[in-house]
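Student: What follows is a protein structure lacking sequence information:
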C-alpha cells in the first residue's frame, strides 16, 4: 500500500501489461510486481508498506518521498 499516490501495475514476474490505477496491490508469494508511479504529491516521506503487521515487522515497510 502506497500512501499519498496512486500507481499502475505494469508487470508481474517480468510479464508486462497495462493494469489499473490503484494504491494497493496483492503480491503473490515468491513473485514480483512492477509498478509505475507519477510522484505528484511532494513530501519528505510517504509510507509504503504491507498491511500484514508481521510483514511490516519483518521489513516490508519503507518510505517513498521527494521534495520540490
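Tutor: That came through fine. It should be emphasised that the depicted structure is a prediction, and the values quoted were computed from it without experimental measurement. Residues are numbered from 1 along each chain as shown.

Student: Only C-alpha atoms from now on, for both contacts and neighbour counts.
Tutor: OK.

Student: Contacts only, for the residue positioned nearest the centre of the chain.
Tutor: Centroid-nearest residue in the chain, with CA atoms, centre = their mean: residue 2, separated by 5.0 Å. Under the criterion of CA atoms under 8 Å, 6 or more residues apart in numbering, the neighbours of residue 2 are 23, 24, 46, 47, 48, 49.

Student: Among those, name the ones in strands.
Tutor: Per DSSP state E, strands hold the following members of the contacts of residue 2: 46, 47, 48, 49.

Student: separation between the residue nearest to the centre of the chain and residue 60?
Tutor: Per CA to CA, to the nearest Å, residue 2 is found 12 Å from residue 60.

Student: Please enumerate the shared neighbours of those two.
Tutor: With contacts taken as CA under 8 Å, 6+ apart, residue 2 and residue 60 have residue 49 as neighbours in common.

Student: returning to that earlier point: make a markdown table out of the ones in strands among the contacts of residue 2 and add neighbour count, distance to residue 65 and pLDDT.
Tutor: Below are the ones in strands among the contacts of residue 2 laid out as a markdown table (neighbours: other CA atoms under 10 Å; distance: CA to CA, whole Å; pLDDT from 0 to 100):
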| residue | neighbour count | distance to residue 65 | pLDDT |
| --- | --- | --- | --- |
| 46 | 17 | 6 | 90 |
| 47 | 14 | 9 | 89 |
| 48 | 19 | 10 | 88 |
| 49 | 18 | 13 | 88 |
